[in-house]
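Student: The following comprises the amino acid sequence and a computationally predicted model.
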Amino acid sequence: MLRTAAVTATLAALLLLPDTSAGQRTPAAIQQAYGATAERIIAAALADSAAYDRLSYLTDRFGHRFSGSESLERALDWMLEEMRADGLENVRGEPVMVPRWVRGAESARMVEPRPQALPMLGLGGSEGTPVGGLTAEVLVVGSFDELRERAAEAAGRIVVYDAPFVTYGETVQYRTQGAIEAARVGAVASLVRSVGPFGMKTPHTGGMSYQEGVPRIPHAALAMEDVMMLRRLQERGERPVVQLRMDARTLPDVMSRNVVAELVGRELPDEIVVLGGHSDSWDVGQGAMDDAGGVVAAWEAVRLLKALDLRPRRTVRVVAWTNEENGLRGARAYAADHADEVARHVLAIESDNGAFMPSGVSFTGSPAATAIIEAIGRLLAPIDATTVAPGGGGADIGPLMERGVPGMAPLVDGSRYFWYHHTDADTVDKLDPDEVARVTAVMAVMAYVVADLEETLPRGPVGGAR
């Protein structure tokens with residue numbers, strides 16, 4: 001395009017102007033603009049145990065909230081009613097079809113070399129055993145490589161994976177892929193050492209997979225102590241025999257909902273900061289860490305902003321995603337239902353690592369966005385939560401991040417999370433009222449300031465071009 005001399009001169013002059021927007025993003029500028037407000041938010045979050053009290057009611061009153069269960073749907077009804085009572089706006093349930101897997105009666109028992117009941121949990125999506133169960137010798141292996149080396153011994157046996165916990169991402173493969181690999185070598189069932197670093201005879205459930213063309217065999221988790229015992233027996237030359245019974249079955253999909261509520265922005269209501277967690281849990285324990293604590297912290301963050309009469313420029317939206325545990329249908333439905341809004345999602349925050357003591361946030365975004373988040377993070381100095389680490393995100397905001405939305409998660413003490421993850425021991429007593437309040441404060445400060453900045457949080461190479 002041709003430019004006149006006057007236009008060229010004007011553009012050159014503009015290039016020489018100071019970058020006032022960059023100045024507005026400095027730690028000093030953000031402290032001046034938002035320091036007092038952040039202190040108000042933090043003080044309000046820590047003033048009482050409102051977040052924990054709500055969390056306790058949710059988990060005690062409704063218990064586990066497995067996809068397809070009546071308990072989940074009754075909990076969602078209650079959340080919608082409470083959000084309306086809080087004065088949040090545009091409160092609604094957005095329909096999502098979810099899978100329905102039913103555990104049924106189940107048991108495991110060692111019958112040779114001596115009788116002993118083995119605490120177990122079937123893995124989500126597993127087939128059941130034949131009526132009356134099955135009984136077979138076990139083959140204990142420590143890895144998929146060992147299984148392949150001993151493939152000739154596996155036919156007609158129950159493969160038991162004794163894979164010690166390293167990290168969740170590394171060790172969970174035995175839960176998700178174990179049935180496939182065992183079936184390939186002719187096993188009649190497979191059992192996995194529960195995926196966690198610590199046990200007190202508490203098996204951990206979780207999702208698992210099958211592969212087309214490979215027989216679908218029953219797959220369950222045993223307590224780590226019992227898998228280690230089976231390994232020791234085998235190494236001494238014994239041939240342990242286990243009786244396994246699982247009545248698990250998969251029923252037709254049913255309707256659930258993503259729960260959504262908002263604090264509508266005062267100037268740019270079509271631009272959105274979304275924060276939340278997942279409403280569903282496994283069908284054991286109360287799902288308090290995973291993830292009622294995250295849902296309630298996000299919800300309470302938005303409620304606090306409303307109660308403090310803090311209405312940012314952009315809309316702050318809280319979402320309780322359904323079916324994270326065994327399908328991610330809620331996350332995918334939200335991204336599809338709001339496809340026309342994704343380009344206007346400024347930031348997505350998910351809490352799904354337990355509402356434990358926060359030290360800051362983890363963040364995935366462009367370098368320019370990271371610098372802004374680091375400046376906002378300094379506002380959390382009163383609760384020692386100023387760290388901004390790379391790698392923020394979560395399963396439910398994954399579909400948004402894939403489309404370029406920056407992602408964030410509270411950075412929390414995870415030292416005990418996998419002790420209780422997906423077990424009957426995931427109950428509300430594992431969380432502390434003060435720590436839940438601090439996670440609420442972190443999410444509220446981050447959501448409010450990002451939603452209120454004069455400029456939209458910039459996207460870039462990591463998040464994709466705006």
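Tutor: Nice, thanks for sending it over.
Student: Please, where are all the helices along the stretch 301-450 of the chain?
Tutor: Counting by DSSP state H, counting those that start in this stretch, the stretch 301-450 of the chain has helices at residues 329-337, 367-377, 398-401, 417-420, 433-452.
Student: Same list, those, but as CSV with mean pLDDT please.
Tutor: Converted to CSV, those look like this (pLDDT from 0 to 100):
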stretch, mean pLDDT
helix 329-337, 98
helix 367-377, 97
helix 398-401, 98
helix 417-420, 98
helix 433-452, 98
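Student: Quick one: closest of those to residue 158.
Tutor: With C-beta to C-beta as the criterion, residue 158 lies closest to helix 417-420 of the helices of the stretch 301-450 of the chain, at 25.2 Å. (Glycine included, C-beta is placed from N, CA and C.)
Student: Could you tell me how far the closest one lies from the centre of the chain?
Tutor: 14 Å (C-alpha atoms, centre = their mean, to the nearest Å).
Student: re the thing from before, would you tell me which one of the helices of the stretch 301-450 of the chain is buried the most?
Tutor: helix 433-452 (a mean of 26; mean count of other C-beta atoms under 10 Å).
Student: what pairs with the nearest residue to residue 259 once chain neighbours are set aside across the strands?
Tutor: Of all residues not flanking residue 259 in the chain, residue 320 sits nearest, at 4.1 Å (C-beta to C-beta, 6 or more residues apart in numbering). Beta-bridge partners for residue 320, by DSSP bridges, are residue 259, residue 277.
Student: Can you tell me which residue is spatially central in this structure?
Tutor: By C-alpha atoms, centre = their mean, the chain has its centre lying nearest to residue 352, at 3.5 Å.
Student: Pull the contacting residues for it.
Tutor: Contact analysis of residue 352 by C-beta atoms under 8 Å, 6 or more residues apart in numbering lists 277-278, 290-291, 294, 324, 394-396, 409.
Student: Now those in a markdown table, please, with extra columns for neighbour count, distance to residue 205 and pLDDT.
Tutor: Putting the contacts of residue 352 into a markdown table (neighbours: other C-beta atoms under 10 Å; distance: C-beta to C-beta, whole Å; pLDDT from 0 to 100) gives the following:
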| residue | neighbour count | distance to residue 205 | pLDDT |
| --- | --- | --- | --- |
| 277 | 29 | 19 | 98 |
| 278 | 30 | 16 | 98 |
| 290 | 25 | 11 | 98 |
| 291 | 32 | 15 | 98 |
| 294 | 32 | 19 | 98 |
| 324 | 23 | 14 | 98 |
| 394 | 26 | 20 | 97 |
| 395 | 16 | 17 | 98 |
| 396 | 29 | 19 | 98 |
| 409 | 26 | 23 | 98 |
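Student: The strand or helix carrying residue 31: what's the following helix or strand?
Tutor: If you go by DSSP states H and E, residue 31 is part of helix 27-46. Counting by DSSP H and E, the element after helix 27-46 in chain order, helix or strand, is helix 50-62.
Student: before we move on, the earlier item: and the helices of the stretch 301-450 of the chain as JSON lines, adding distance to residue 271?
Tutor: Converted to JSON lines, the helices of the stretch 301-450 of the chain look like this (distance: least, C-beta to C-beta, whole Å):
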{"stretch": "helix 329-337", "distance to residue 271": "17"}
{"stretch": "helix 367-377", "distance to residue 271": "14"}
{"stretch": "helix 398-401", "distance to residue 271": "14"}
{"stretch": "helix 417-420", "distance to residue 271": "33"}
{"stretch": "helix 433-452", "distance to residue 271": "8"}
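Student: which one of those helices lies closest to residue 356?
Tutor: helix 433-452 (5.5 Å).
Student: mind listing what's buried in stretch 61-74?
Tutor: Neighbour counts using 16 or more other C-beta atoms under 10 Å place 62-69, 71-73 of stretch 61-74 among the buried residues.
Student: Number of residues surrounding residue 380?
Tutor: Residue 380 sits with 24 neighbouring residues when counted by other C-beta atoms under 10 Å.
Student: distance of it from residue 30?
Tutor: 12 Å (C-beta to C-beta, to the nearest Å).
Student: For the closest residue to residue 403 other than its chain neighbours, the count of nearby residues, please.
Tutor: Leaving aside its sequence neighbours, residue 403 sits nearest to residue 342 (C-beta to C-beta, 6+ apart; 4.9 Å). Taking other C-beta under 10 Å as the criterion, the count of residues near residue 342 is 18.
Student: now residue 134
Tutor: By other C-beta under 10 Å, 16 other residues sit near residue 134.
Student: Same check on residue 162?
Tutor: Counted with other C-beta under 10 Å, residue 162 comes out at 22.
Student: and it, backbone torsions?
Tutor: phi -100, psi 80 (degrees, to the nearest 10).
Student: in this structure, which ranges drop under the pLDDT threshold?
Tutor: 1-24, 462-466 (pLDDT under 70).
Student: Domain map for it?
Tutor: 24-101+252-452, 104-247 (automatic domain parsing).
Student: Deepest-packed of these, please.
Tutor: domain 24-101+252-452 (a mean of 21).
Student: wait, what's in contact with residue 163?
Tutor: Neighbours of residue 163 in contact, by C-beta under 8 Å, 6+ apart: 142-143, 171, 174, 192-193.
Student: From these, which land in helices?
Tutor: Residues of the contacts of residue 163 located in helices (DSSP state H): 171, 174.
Student: Show me which of the contacts of residue 163 is closest to residue 151.
Tutor: residue 143 (13.0 Å).
Student: Please tell me how far the closest one sits from residue 422.
Tutor: Taking C-beta to C-beta, one finds residue 143 at 22 Å from residue 422.
Student: Kindly report the same for residue 46.
Tutor: 30 Å.
Student: Relative to residue 34, how far out is residue 264?
Tutor: For residue 264 relative to residue 34 (C-beta to C-beta), the value is 20 Å.
Student: what is the orientation angle of the helix holding residue 31 with helix 367-377?
Tutor: Counting by axes from the mean of the first three to the mean of the last three C-alpha atoms, to 10 degrees, helix 27-46 lies at 50 degrees to helix 367-377.
Student: chain center to helix 27-46: distance?
Tutor: 28 Å.
Student: Does anything pack onto it? Which helices or strands?
Tutor: When contacts are defined as 3 or more C-beta pairs under 8 Å, 6 or more residues apart in numbering; DSSP states H and E, helix 27-46 sits against helix 20-24, helix 293-307, helix 367-377, helix 433-452.
Student: between that helix and helix 433-452, how big is the angle?
Tutor: Counting by the same axes, to 10 degrees, helix 27-46 points 140 degrees away from the direction of helix 433-452.
Student: And the contacts of helix 27-46?
Tutor: Here helix 27-46 has contacts from 23-24, 51, 300-301, 304-305, 307-308, 310, 372, 374-376, 378-380, 382-383, 434, 437-438, 440-441, 444-445, 448-449, 452, using C-beta under 8 Å, 6+ apart.
Student: hey, C-alpha coordinates of that helix in CSV?
Tutor: The C-alpha coordinates for helix 27-46 follow below in CSV (Å, rounded to 0.1, in the frame of the first residue of the first chain):
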residue,chain,number,x,y,z
PRO,A,27,5.4,-4.4,39.1
ALA,A,28,5.4,-0.8,40.4
ALA,A,29,2.5,0.2,38.3
ILE,A,30,0.5,-2.9,39.1
GLN,A,31,1.2,-2.5,42.8
GLN,A,32,0.1,1.1,42.7
ALA,A,33,-3.1,0.3,40.8
TYR,A,34,-4.1,-2.9,42.5
GLY,A,35,-2.1,-3.3,45.7
ALA,A,36,-4.9,-2.0,48.0
THR,A,37,-7.5,-4.1,46.2
ALA,A,38,-5.4,-7.2,46.4
GLU,A,39,-5.0,-6.7,50.2
ARG,A,40,-8.8,-6.3,50.5
ILE,A,41,-9.4,-9.6,48.6
ILE,A,42,-6.8,-11.5,50.6
ALA,A,43,-8.2,-10.2,53.9
ALA,A,44,-11.7,-11.1,53.0
ALA,A,45,-10.6,-14.6,51.9
LEU,A,46,-8.8,-15.2,55.2
